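Student: Predicted model and sequence follow; I will ask about them next.
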Amino acid sequence: MILFSPSQVFADNDFSIQNFNSKLIVQKNGVANVQETIVVDFPSEHHGIFRDIPYSYQGRNGKTMYTDISVQDVEMDGELEQYSTSYMGGNLEIKIGDPTITITGEHTYIIYYTVKGILQNYGTQDELYWNVTGNSWGVPISSASATVTLAKSGIEQIACYEGAFGSTNPCVSKTNTDSQAEFSSSYLNPEEGLTVAVGYTHGLFPILVGKHSWWQSSFLQEIAKGAIPVVITLVVMAYLWMKKGRDLLLRQKYLFDPHAKEDTRPLGYKDAIVVEYTPPDGLRPAEMGVLVDEKADQLDVTATVIDLATRGYLTITEIPKKWVFGSVDYTLTRKKKDTAGLLDYEKELLNRLFEIADVVSLSDLKQKFYKDLKVVEDQLDQELVDKKFFPQSPDAIRTTYFIIGTVIMVGSFLLYNFIHFSVSFTAGCVLSGLLIHIFSRFMPSRTAQGAEMLRRIKGYQLFISGAEKYKQQFFEKENMFNEILPYAIVFGLTEKFAKAMKDMGIEPTQPSWYVGSGAFNSMLFVSQLNAFSSSMSQTIASSPSSGGGFSGGGGGGGGGGGW
């Protein structure tokens, strides 16, 4: 309702009209020139006024008539004044005033416009039937008058009416000559107006018909105004995604030879996934996780903790619940092992986990580690940028677009509040900001090298998900179960992987890096590891929350304003 309502809903009627005078001249071609002089008194600060002129009205014969209205100029106090026009609820709305300037006191507005389609035929006589002031002013009009002049003599009769819509109360009227008549009214209350009728010789002027454009529909016009920024945003963001958001491998047709005149890639290259029995190029689980979903998150960091444990850098000890409604806790213990071979983000993770002591409880990290988590995730992103798998940090790209969307949303609200932007256009800008927020998730892209590595990662994921098909590889290497677990966690394949081990008759031994409760078996161990992974992910991402209220919060509220 707010989106498609006329802007007068937001107008302030704290003013009065001292005088409303209209001079209408019917030209030989049937087009009328109109000059409206409106004297307004503003007791408080305003920007200006609205003037609504109907382009659609009901004629005396009951038919809906249309007019073509063209605004020529608008003056205030003898100087040209800023204005804008729009179609609202069957009216051409003229919004007069500067949104950056406020005025008070008495001011005189003059509106010059032409109108076509106001002459009608009624049997043996033609007629000009014209609502001079309109009946939708929310303020009183101290005096109203009109002069109608015909380019040719031929006035046969005149009439005028004053009061609320539908009133037949006569007002003062007189014929000066065969081509000119004058009309005036007494004091008009809010929602009252002055209407005049001039009957003249049939055929004196051509009867023109106004054209009804779809743009004159206030509903369609408001839809169009709101759609403009949305359509532009969709086009721009789709273009940016095509140019920057897609993986370079999908954008670069001649990847293998940029100077080739033909596509030199093997047929079906993009879709070919070959099983990989070991992590391609020795990538760590977290690196694979980021390449898969283009996002470094707490699951990737949790998989790194388990990966570091399997490689002998720390141990995980399960602490059983102390009472029936309690929760399982875990102790992480750092082991003395040279970290020279670790990647930067792995070293950073170890140092931040064990910053205070070499033994730390997972519960001690709750609502404390979230800042450290962000640092580790940023270093993980940078690791993949350094390896040329991403042109720049995926998180930085998402953040950039998210900020752009937020600036557009906030900026549109500010424009609406301070310079009274169109409601529908403002809504379209807000929606555009939301669209950019949505697009921000898809704007990171892999390089050609990164896209090729993703293809190989999918090959390794295929190996883990179909482990039972590759028994030979598992029988050839004893510790493969422990090595694969961190990768299975990233891919969400731990339970499926453990079941495949059981089906193949492979029962791994109790790992030295994890101390659990109860007798060891692979299915139970995977369940324990999943519980640890879930607890670890939630704990390291948790941050303190602040309660209470805020200024402007709660029920009720609202507000208003004027032009």
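Tutor: Yep, it's here. Numbers count the residues shown, from 1 in each chain.

Student: any weak-confidence spans in the stretch 101-250 of the chain?
Tutor: In the predicted model of the stretch 101-250 of the chain, residues 212-221, 247-250 satisfy pLDDT under 70.

Student: residue ranges of the strands in it, please?
Tutor: 103-116, 119-122, 125-131, 144-150, 155-163, 172-177, 180-185, 193-201 (DSSP state E, counting those that start in this stretch).

Student: of those, which approaches residue 438 most closely?
Tutor: Checking the strands of the stretch 101-250 of the chain against residue 438 by C-beta to C-beta gives strand 103-116 as the closest, at 43.0 Å. Any C-beta I mention is one placed from the backbone N, CA and C, and that applies to glycine too.

Student: Provide the strand pairings for the closest one, with the direction of each partner.
Tutor: Within its sheet, strand 103-116 is paired with strand 32-46 (antiparallel), strand 68-76 (antiparallel), according to DSSP bridges.

Student: got the contact list for residue 462?
Tutor: With contacts defined as C-beta atoms under 8 Å, 6 or more residues apart in numbering, the neighbours of residue 462 are 273, 275-276.

Student: again, only this time at 7 Å
Tutor: Residue 462 sits next to 273, 275 when contact means C-beta atoms under 7 Å, 6 or more residues apart in numbering.

Student: Surely it is within a helix?
Tutor: Yes: assessed with DSSP: H, G, I helix; E, B strand; the rest coil, residue 462 lies in a helix.

Student: what's the longest helix in the protein?
Tutor: helix 394-419 (DSSP state H).

Student: Just give me how far that helix sits from the chain centre.
Tutor: Between the centre of helix 394-419 and the centre of its chain there are 9 Å (C-alpha atoms, centre = their mean, to the nearest Å).

Student: Now do it, average pLDDT.
Tutor: Helix 394-419 carries an average pLDDT of 87.

Student: Pull out the buried residues from the helix or strand that comes right after that helix.
Tutor: Going down the chain from helix 394-419, the next helix or strand is helix 423-440, by DSSP states H and E. The neighbour-count check on helix 423-440 (16 or more other C-beta atoms under 10 Å) flags 423-437, 439-440 as buried.

Student: Report all helices and strands that helix 423-440 contacts.
Tutor: If you count contacts as 3 or more C-beta pairs under 7 Å, 6 or more residues apart in numbering; DSSP states H and E, helix 423-440 packs onto helix 218-240, helix 394-419.

Student: can I get these in JSON lines with distance to residue 102 and mean neighbour count?
Tutor: Below are the helices and strands packed on helix 423-440 laid out as JSON lines (distance: least, C-beta to C-beta, whole Å; neighbours: other C-beta atoms under 10 Å):
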{"stretch": "helix 218-240", "distance to residue 102": "25", "mean neighbour count": "16"}
{"stretch": "helix 394-419", "distance to residue 102": "12", "mean neighbour count": "16"}
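
Student: which one of those helices lies closest to residue 332?
Tutor: helix 394-419 (25.8 Å).

Student: Remind me what the closest one packs against, helices and strands.
Tutor: Here helix 394-419 touches helix 423-440, going by 3+ C-beta pairs under 7 Å, 6+ apart.

Student: Of all the strands of the stretch 101-250 of the chain, which one comes closest to residue 209?
Tutor: With C-beta to C-beta as the measure, strand 103-116 is the member of these nearest residue 209 (8.3 Å).

Student: Any chance you could list what contacts the closest one?
Tutor: 18, 30-42, 44-46, 49, 51, 67-77, 94, 96, 208, 210.

Student: how far off helix 423-440 does the longest helix of the chain point, in degrees?
Tutor: Helix 394-419 and helix 423-440 are oriented at 170 degrees to each other (axes from the mean of the first three to the mean of the last three C-alpha atoms, to 10 degrees).

Student: how does the protein divide into domains?
Tutor: Residue ranges for the domains of the chain, per automatic domain parsing: 7-216, 247-391+445-541.

Student: Tabulate the strands of the stretch 101-250 of the chain (a markdown table), appending distance to residue 468 and mean neighbour count.
Tutor: Formatted as a markdown table, the strands of the stretch 101-250 of the chain follow (distance: least, C-beta to C-beta, whole Å; neighbours: other C-beta under 10 Å):
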| stretch | distance to residue 468 | mean neighbour count |
| --- | --- | --- |
| strand 103-116 | 83 | 17 |
| strand 119-122 | 88 | 16 |
| strand 125-131 | 85 | 19 |
| strand 144-150 | 92 | 22 |
| strand 155-163 | 91 | 19 |
| strand 172-177 | 100 | 13 |
| strand 180-185 | 95 | 21 |
| strand 193-201 | 86 | 22 |
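
Student: sorry, back to before: so which of the strands paired with strand 103-116 comes closest to residue 161?
Tutor: strand 32-46 (18.6 Å).

Student: can I get the helices and strands packed on helix 423-440 in a markdown table with distance to residue 336?
Tutor: Shown next, in a markdown table, are the helices and strands packed on helix 423-440 (distance: least, C-beta to C-beta, whole Å):
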| stretch | distance to residue 336 |
| --- | --- |
| helix 218-240 | 50 |
| helix 394-419 | 34 |
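
Student: Out of those, flag the one nearest residue 370.
Tutor: Nearest to residue 370 among the helices and strands packed on helix 423-440 is helix 394-419 (15.0 Å), distances taken as C-beta to C-beta.

Student: picking up where we left off before, same list (the domains of the chain) but as CSV, adding distance to residue 407.
Tutor: Converted to CSV, those look like this (distance: least, C-beta to C-beta, whole Å):
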stretch, distance to residue 407
domain 7-216, 21
domain 247-391+445-541, 23
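
Student: hey, where'd the strands end up in the stretch 451-563 of the chain?
Tutor: Going by DSSP E, counting those that start in this stretch, the stretch 451-563 of the chain shows strands at 514-515.

Student: what stretches of it score poorly on pLDDT?
Tutor: Along the stretch 451-563 of the chain, segments meeting pLDDT under 70 span 472-478, 506, 518-520, 545-563.

Student: how does it look with 80?
Tutor: Applying pLDDT under 80 to the stretch 451-563 of the chain flags residues 467-480, 497-498, 500-510, 517-524, 543-563.

Student: Just want the angle from the longest helix of the chain to helix 218-240.
Tutor: Using the same axes, to 10 degrees: helix 394-419 against helix 218-240 is 150 degrees.

Student: so what's residue 229 up against?
Tutor: 425, 428-429, 432.
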